[in-house]
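**Student:** Mind looking at a prediction? Sequence and model below.
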Amino acid sequence: MAILIVKAVIIHPHDGYLDKACIEGERKALLEFKHGLEDPSGWLSSWVGADCCKWRGLDCNNQTRNVVKIDLRNHDYRYSKGLGGEISDSLLHLKYLSYLDLSSNDFQGIRIPNFLGSFERLRYLNLSNAEFGGTIPPHLGNLSQLRYLDLNEGYSYYSLTIGIYSLNWLSGLPLLKYLDLGNANLSKATKNWMQFVNMLPSLLELHFPGYQLSDFSHYSDPNPFVNLTSLQVINLSYNNFNTTLPGWLFNITTLRGLCLKGARIKGHIPHLYLGFNGLSGELPDSLGKFNNLRSLDLSYNSFDGPLPNSIQHLTNLGSLDLIKNTISGSIPTGIGNLLRMKRLDLSFNLMNGTIPNSIGQLKELIELNLDWNSWEGVISEIHFSNLSKLEYFSLHLSPKTKKQPFRFHVRPEWIPPFNLKYIDISNSYVSPKFLSSNYLETQKRLDCIVLKNVGMLDTIPEWLWKLDLFQLDLSRNHLYGKLPNTISFSSNALLDLSFNCLAGRLPLWYNVTGLFLGNNLFSGPIPLNIRDSSSLEVLHFSSNLLNGSIPSSMSKLEGLVAVDLSNNHLFGKIPKNWNDLHIPFAIDLSKNKFTCGIPNLALNNLSGTIPKCLGNLTDFTFMNLLAIGFYDDKAYTMYSDHDDKHIANCDLIDFSGNNLWGEIPEGITNLSTLGTLNLSRNKLTGKIPQKIGAMQGLETLDLSCNNLSGPIPPRMSSITSLSHLNLSHNLFSGPIPSTIQFSTFNNPSIYETNLGLCRIPLSTNCSTPNDQKHKDDQDGEEDEDGRYMTWFFISMGLGFPVGFWVVCGSLAQNKSWRHAYLRFIDEMGIGYMSSLW
């Protein structure tokens, strides 16, 4: 039988997959293409026979047998002349061609055919060093699927005769990743070449070496070419720019290689932007040789080691940005030589030591940012004596404990020469009465004051409330006294006065986005008209002495995303109209004296799993329930310090119509007094908790429209208060309980689409023990039959390969088949082509 099958394959080779020949029309087109070529080296001598897929330089699709690749690159161009002649338009019959390489041949100055722009599926086109002449046809702009285009003519006899009148056809190649037009005559396209390159958002490499480009456009905008978001390599060597480098060139953050050899660049490099890269190592001493540098941005890299002393030679430097590196050591005293410095940012590094007095010599300085380092010693009036233009000063240190904390020391009567807009001094020490000093009171332009954890012991002066502030952070000090009742701030102001000793009634402030007054001594009720603070998004009043109930008007704060009223003396019912708040993600009401009322949370955008801690919250804690979702049972959840109490006297939890997934937590059964639990229309899985019978106060249970499975727990029948039940549209199975409370549920619709459920009120009867035994016997017989069938197929499996290899082993030696296999492996991702498809 095996011999007959093999003979059939040999007699009818086209019926088998591996012997299927190429498309006849394509074979004829290739022969016509061959006829027009000159082939002095006999490269195309293999182009004979019926199956063109076996011809040298060709690849076909393994299933359709269409020609998809022509690779006629002359790899021996140094020793052989390669192909020449004419390129026939018969190639247009190759409708599925995606790869064409005719590089390093000798076409003796003929034009690149216009019809090459008609291959709709072409992704790779390489005509480099092939001695073409004339102009590059704009028809190539029709190759919308092209990823790779190389037309570099090197330094051949015809290289300067191949020209381009315009590059606007590049706009038709949005997927292009590699472009090389090196040594082509671009003299007529030099004025706007970058404009058209900017239309290639996927470009990774740009190669325009040669002698024809003369325009290197300069723009006032430092980053005008926003589409070059992927560019990694630029080669513009040996052109005739005769100009300085434009600043935008260094602002291409993805750049890995820049070649400008022999491009006649002159002048100095005014701006160097290398931020947001992966640069590392120590900054070299040679950095000081760029003495004409105006801006240096090395931010968000991995530079380490100290700042080189040679930095003092950058006397023209106006901006130095080293934020977010791992630079260590102290600031060189020579920093005072940079008299043109306007912006200095050394934040988020590992620098230490004292801040040199020479910083006070930078009389042009506008912005000084020294955040998140480990400075030592003292900063004083000497450091500020000449900084008459300073507007932004930030010294926000790490909160780590120090044996000798950094100190900010100025005399109370000293009037600084500058007028700040922004000041941030945090985790340092200032004088206890710093708020009342002339240093601050004279700064009339301040719109941001951050004096966090600096040891102040004072009242807040009245002049401060007259400033037009958008941020005020005086947290973690020892401030005392009362706050003004009503103030209007700048739009979207952020105020943090937490962890102080402030007292009195809560203020009602306007145009405030975030209000943090926690851990103080505020007393009395929450203002009834708190809704008038309509811009509030975050409200933090925890750990005070507040009393009274939560005003219902709080639910009218439509932008509210977080509320913390924990650890106060609030009492009464929790408002049930919290669902008027459209996007809150965290509400903490723990450690109060609330008695009732859980919000209705239905039809929101809840996502994640239901926290396991839901049944173990003291008094009442309401977590992340309306917009963001639950994460790992912890995120955005504000816990009580005790576990021995539960939510008491609450009557409703409604999470229906959200996007919750995972299992129903077992802890929810601790809510023994809960009257309504609605988890319908979510994506919950798993089983109903076995201890659900403990929820003796449950009157309504709706778990419909989920993916819950398993049996209905028999203990559910003991919930005698249960009067409304809906388990429809799930995957429950097994018998429906028939005792006690379940005997009252006669509507089969409450169980519909649970195909595994049986017993009244459904029409499906449950199987009896005898039925099960009969089924087990049938299963046993099927298993026995299965064993016989298994051995039968094992015998067949062993017989077939033995017969196949005895008769067909010689076919494995077929060379063309081996080549086909290797091409298949190549198409599966091995080799350079994997990056192009």
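**Tutor:** Arrived safely, thanks for sending.
**Student:** buried set for the helix or strand harbouring Met194?
**Tutor:** Assigned by DSSP states H and E, Met194 falls within helix 193-197. By 16 or more other CB atoms under 10 Å, the buried positions in helix 193-197 come out as Trp193, Met194, Val197. Any C-beta I mention is one placed from the backbone N, CA and C, and that applies to glycine too.
**Student:** next one: stretch 724-742
**Tutor:** Leu725, Asn726, Leu727, Ser728, His729, Asn730, Phe732, Pro735, Ile736, Pro737, Gln741, Phe742.
**Student:** Residues contacting it, please?
**Tutor:** Contact partners of stretch 724-742, identified using CB atoms under 8 Å, 6 or more residues apart in numbering, comprise 680, 699-712, 714, 716-720, 722, 745, 749-754, 756-762, 766.
**Student:** buried subset of these?
**Tutor:** 680, 700-706, 708, 711-712, 714, 716-719, 722, 745, 750-752, 754, 757-759.
**Student:** From the buried residues of stretch 724-742, which shows the smallest pLDDT?
**Tutor:** Ranked by pLDDT, the buried residues of stretch 724-742 bottom out at Gln741 (81).
**Student:** Run through the helices of this protein in chain order.
**Tutor:** 2-11, 24-35, 193-197, 438-441, 769-808, 815-827 (DSSP state H).
**Student:** where in the stretch 601-750 of the chain is pLDDT low?
**Tutor:** Residue ranges of the stretch 601-750 of the chain with pLDDT under 70: 601-609, 611-651.
**Student:** any idea how far the residue nearest to Arg264 when sequence neighbours are not counted lies from Cys53?
**Tutor:** With sequence-adjacent residues excluded and distances taken as CB to CB, 6 or more residues apart in numbering, Arg264 is closest to Asn242, at 4.8 Å. The gap separating Asn242 from Cys53 is 53 Å, by CB to CB, to the nearest Å.
**Student:** next one: Leu652
**Tutor:** In this view, Leu652 and Cys53 are 72 Å apart by CB to CB.
**Student:** what about the two, which has more around it?
**Tutor:** Neighbours per residue (other CB atoms under 10 Å) separate Leu652 from Cys53, with Cys53 holding more: 24 against 17.
**Student:** Quick check: chain neighbours aside, which residue is closest to that one?
**Tutor:** Of all residues not flanking Cys53 in the chain, Cys60 sits nearest, at 3.8 Å (CB to CB, 6+ apart).
**Student:** and what of Tyr165?
**Tutor:** Nearest non-adjacent residue to Tyr165 (CB to CB, 6+ apart): Lys188, at 5.1 Å.
**Student:** So the one you found is in contact with Thr135, correct?
**Tutor:** No: at 9.6 Å, Lys188 does not count as touching Thr135 under the criterion of CB atoms under 8 Å.
**Student:** what do these two both touch?
**Tutor:** If you check Lys188 and Thr135 against CB under 8 Å, 6+ apart, the residues they both contact are Gly163, Ile164, Tyr165.
**Student:** between the residues you listed, which is nearest Pro525?
**Tutor:** Checking the shared contacts of Lys188 and Thr135 against Pro525 with CB to CB, the nearest one is Ile164 at 77.8 Å.
**Student:** Please enumerate the strands of the stretch 301-450 of the chain.
**Tutor:** Here the stretch 301-450 of the chain has its strands, by DSSP state E, counting those that start in this stretch, at 302-305, 319-321, 326-329, 343-345, 350-353, 367-369, 374-375, 378-379, 392-396, 407-408, 422-426, 448-452.
**Student:** can those go into JSON lines with extra columns for mean pLDDT?
**Tutor:** Formatted as JSON lines, the strands of the stretch 301-450 of the chain follow (pLDDT from 0 to 100):
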{"stretch": "strand 302-305", "mean pLDDT": "92"}
{"stretch": "strand 319-321", "mean pLDDT": "93"}
{"stretch": "strand 326-329", "mean pLDDT": "94"}
{"stretch": "strand 343-345", "mean pLDDT": "95"}
{"stretch": "strand 350-353", "mean pLDDT": "91"}
{"stretch": "strand 367-369", "mean pLDDT": "96"}
{"stretch": "strand 374-375", "mean pLDDT": "90"}
{"stretch": "strand 378-379", "mean pLDDT": "92"}
{"stretch": "strand 392-396", "mean pLDDT": "94"}
{"stretch": "strand 407-408", "mean pLDDT": "91"}
{"stretch": "strand 422-426", "mean pLDDT": "94"}
{"stretch": "strand 448-452", "mean pLDDT": "95"}
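**Student:** Having no further points to raise, I will conclude here.
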